[in-house]
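1. compute the structure for the input listed below.
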Amino acid sequence: MPWRKKLLLALAVTASGTLLAAGIAVLALGHGALGTAILLGTCVAVALVLQAYWVRWDLSGASLRAGRPDGRQVALTFDDGPGPDTPAVLDALDAVGVRATFFVLGEKAAARPDLVREVARRGHLIALHGYTHRKLHLAAPRTVALELDRGIAAVRATGVEPARFFRAPHGFKGPVLGRALRQRGLTLVGWTRGVWDTERPGTEAIAERACDRMKGGEILLLHDGCGTPGIDPRRDQTAAAIDEIARRWRQAGYEFVTVDALEKGTPAGALGQALRWAGVAALAAFALLAVRTLDPQELRRAFAEANPSFLLAATAANVFALAMQSGRWLAIVRPIEPRARARDAFFTLVAGYAVGLVVPARASDLARAHLMARRTGASMATLTATAIVDHLLGSMALFGAVGLLAAASPLPIWLRSSGTLAFAGAGGALFSMWLVRPRGGQRQATHGLAGVLARLQRGLVAVGRPRALLVSWLFAVGGWAAEVLIAYLSLRAFGLAATPSSSLLVVLATTLASAASVSPGNAGTFELACVVALSSVGVAREPALAMAIGYHAVHLVPVALLGGGWLLAHGYRGGLVREVS
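-> Next up is the predicted model:
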């Protein structure tokens, strides 16, 4: 990714976080309507920005963004042609027997109609890319219509009928474009992997980018022409890399297809869309509840009297808790992938949590599995299964300790009941995993649904390894002890009664709330659970909410700084998005 785009991404993330923090602060100071407006406005703005600029985010669900991840197909696509290097690209494709999809610019087709006909003659699919490569996300309806219609007409003028697929220049899209495509019966096509061959990094680098961490259903984006003025238009490196790209993908067992033959992946569906908006609704409901029931003066006083030293200590304790959590997970991963390192486990886990700040519904677990897969070469399905085992072992450690402490320290009946159910559920799930864990001598499937199930099953190896379970459990105990310390320090920071019992109560309540995560970063549900828990032991609502916001902040700040910084430093973008959206 060019440095300018990295900078813009960093600024966008920073601005979004700042606005959300400002909304919470304004709300806490008693300006309910303004705070709510800032929070809701920010959430809506983020959704619209993602819709416009993030290829893998499509609220309509109508675009083709990937094929089946459990399949063995890959689509090779070329944009911005035809150009001077299109013949070399065609010759390279012929040499390896690959059929590709060419998203053609209308003005380039008008200039070289012979090349458009040659692409079609050699068996490749001709699709649409607009007429002038103009960005269409903010374009007026008339401009969008002209780009589409002139592009279609230019291709037809060459004697070739274009396929009913359109790729937006730069991947930028908007509601006007979506409506215009529907009116013309066109399907928007994205990509899963941008190779950035336009940077001319060298033939080997292009091949490496195109083949790193292969997944089924991928749509690879390369270029046979140039649609952006001011950059080097040569695509000879792209043509030279095709042989190696084809060799590696085929060696891994994949088949090249055009986008019309790509088996479709499962769309996001209504449930996924509902979860995304449920998070926003939960945040709005919590804000409105706070406005109606809280005394702004008392809330302001609670924040003003907070001790920052205790909050800083709690933040440091949270970094230690993250290290313990990563050790807990690493103990589950190591029996499967001995190459996994402690620092990889730490940063991929924290970066996964950072993804969870903006994408709800357990996206953090998918993100950390994806990131660890890229660091180690292990299967993402396998690592996702290890993340599930990790959560179950953590639940067993926490709620097992609760059972022991309940006899000595009274806890609310609702919390004891929830803890007992969670312990029993986690134990039952682990026992079921032990029964289906892989055993030596079993023949593993590699393709289709059976292959996915086999890779998931491999993630259960540690369930049958007593030493791995013991090490993971010890890290879990250390992690939960750190969590209780974080709660204790946060309670002290806001002048509330800080005892082991009240600290554990806060940890249990927020952990149960986080288990049903639907809002980004657990916003709203985390604070609500904390307030309910503290109210049950006689804490007034205003200091309880102030403590809940501060307690949440000491969890979020290290994750945002360490995890978000690591993601930006390593240039993660489309590959990560592919796995969590």
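
2. the strand of greatest length in the chain packs against which elements?
-> Longest strand in the chain, counting residues (DSSP state E): strand 73-81. Counting contacts by 3 or more CB pairs under 8 Å, 6 or more residues apart in numbering; DSSP states H and E, strand 73-81 packs against helix 86-96, strand 101-104, strand 218-223, helix 236-251, strand 255-257. (C-beta placed from N, C-alpha, C; glycine too.)

3. quick one: distance of that strand to the chain centre.
-> Centroid separation for strand 73-81 versus its chain: 24 Å, with CA atoms, centre = their mean, to the nearest Å.

4. just stretch 104-118 next, same as before
-> Relative to its parent chain, stretch 104-118 has a centroid offset of 38 Å by CA atoms, centre = their mean.

5. average model confidence for that stretch?
-> Taken as a whole, stretch 104-118 has a mean pLDDT of 97.

6. cool, stretch 552-565 as well?
-> 89.

7. tell me which residues in that stretch are buried?
-> 552-556, 558-560, 562-564 (16 or more other CB atoms under 10 Å).

8. could you list the low-pLDDT ranges of the stretch 101-250 of the chain?
-> Within the stretch 101-250 of the chain, not a single segment meets pLDDT under 70.

9. what ranges does it have for its strands?
-> For the stretch 101-250 of the chain, applying DSSP state E, counting those that start in this stretch gives strands covering 101-104, 125-128, 165-166, 187-188, 193-194, 218-223.

10. winner for burial among the ones you listed?
-> Neighbour counts (mean count of other CB atoms under 10 Å) averaged over each of the strands of the stretch 101-250 of the chain peak at strand 101-104, with a mean of 29.

11. need the helices and strands packed on strand 73-81 in CSV with distance to residue 208, can you?
-> Below are the helices and strands packed on strand 73-81 laid out as CSV (distance: least, CB to CB, whole Å):
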stretch, distance to residue 208
helix 86-96, 17
strand 101-104, 22
strand 218-223, 13
helix 236-251, 9
strand 255-257, 18
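
12. which elements pack onto the helix or strand that contains residue 38?
-> Secondary-structure assignment from DSSP states H and E places residue 38 in helix 32-53. Helix 32-53 makes packing contacts with helix 3-28, helix 269-293 when contacts are defined by 3+ CB pairs under 8 Å, 6+ apart.

13. report the buried residues of the helix or strand just after the last one.
-> This points to helix 269-293. Using DSSP H and E, the helix or strand that directly follows helix 269-293 along the chain is helix 296-304. Across helix 296-304, burial judged by 16+ other CB under 10 Å covers 296, 299, 302-303.

14. just those now: which is nearest residue 172?
-> Using CB to CB, residue 303 is the member of the buried residues of helix 296-304 that sits closest to residue 172, with 40.9 Å.

15. what's the closest non-adjacent residue to that closest one?
-> residue 546 (5.4 Å; CB to CB, 6 or more residues apart in numbering).

16. how about the contacts made by the one you found?
-> Residues near residue 546 by CB atoms under 8 Å, 6 or more residues apart in numbering: 28, 299, 302-303, 306, 494.

17. and if we set it to 7 Å?
-> Neighbour list for residue 546: 299, 302-303, 306, 494 [criterion: CB atoms under 7 Å, 6 or more residues apart in numbering].

18. can you put these in JSON lines and add distance to residue 366 and pLDDT?
-> Formatted as JSON lines, those follow (distance: CB to CB, whole Å; pLDDT from 0 to 100):
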{"residue": "299", "distance to residue 366": "36", "pLDDT": "78"}
{"residue": "302", "distance to residue 366": "37", "pLDDT": "87"}
{"residue": "303", "distance to residue 366": "35", "pLDDT": "86"}
{"residue": "306", "distance to residue 366": "35", "pLDDT": "90"}
{"residue": "494", "distance to residue 366": "34", "pLDDT": "93"}
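
19. before we move on, the earlier item: nearest to residue 397, of the buried residues of helix 296-304?
-> residue 302 (32.5 Å).

20. identify the residues contacting that closest one.
-> Contacts for residue 302 (CB under 7 Å, 6+ apart) come out as 494, 542-543, 546.

21. how close does it get to residue 501?
-> 22 Å (CB to CB, to the nearest Å).

22. repeat that for residue 54.
-> 45 Å.

23. of those two, who's got more company?
-> Taking neighbours as other CB atoms under 10 Å, residue 54 and residue 501 compare with residue 54 leading, 17 against 14.

24. give me the pLDDT for residue 10.
-> As predicted, residue 10 sits at a pLDDT of 58.

25. mean pLDDT lowest for which of the helices and strands packed on helix 32-53?
-> helix 269-293 (a mean of 52).

26. thought residue 113 was touching residue 158?
-> Yes: Residue 113 lies in contact with residue 158 (CB atoms under 7 Å); the separation is 3.8 Å.

27. which one of those two has more residues nearby?
-> Legend: neighbour count by other CB under 10 Å for residue 113 and residue 158, higher for residue 158 (22 against 17).

28. give the contact list for that one.
-> Counting by CB under 7 Å, 6+ apart, residue 158 has contacts 109, 113, 116-117.

29. farthest-apart pair in the residues you listed, please.
-> By the measure CB to CB, 109 and 117 form the most distant pair in the contacts of residue 158, at 9.7 Å.

30. who's more crowded, these two?
-> Comparing residue 109 with residue 117 by neighbour count (other CB under 10 Å), the higher total belongs to residue 109, at 28 against 16.

31. which residues touch the more buried one?
-> Taking CB under 7 Å, 6+ apart, one finds 82, 116, 154-155, 158 in contact with residue 109.

32. repeat that with 10 Å
-> Counting by CB atoms under 10 Å, 6 or more residues apart in numbering, residue 109 touches 81-82, 115-117, 119, 126, 128-129, 131, 151, 153-158, 160, 162.

33. rewinding a little: who touches both of residue 109 and residue 117?
-> With CB under 10 Å, 6+ apart as the test, residue 109 and residue 117 both reach 82, 126, 158, 160.

34. pull the number of nearby residues for residue 68.
-> Number of residues near residue 68 (other CB under 10 Å) recorded here: 16.

35. circling back to that earlier point, I'd like the contacts of residue 546 as JSON lines, with distance to residue 426 appended.
-> Converted to JSON lines, the contacts of residue 546 look like this (distance: CB to CB, whole Å):
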{"residue": "299", "distance to residue 426": "36"}
{"residue": "302", "distance to residue 426": "35"}
{"residue": "303", "distance to residue 426": "37"}
{"residue": "306", "distance to residue 426": "35"}
{"residue": "494", "distance to residue 426": "32"}
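
36. ok, the residues you listed vs residue 384, which is closest?
-> Nearest member of these to residue 384, counting by CB to CB, is residue 494, at 37.6 Å.

37. what is the burial count for the spatially closest residue to the closest one that is not a sequence neighbour?
-> Among residues not flanking residue 494 along the chain, residue 547 sits closest, at 4.2 Å (CB to CB, 6+ apart). Using other CB under 10 Å, residue 547 has 27 other residues around it.

38. does residue 547 count as helix, strand or coil?
-> The three-state assignment at residue 547 reads helix, by DSSP: H, G, I helix; E, B strand; the rest coil.
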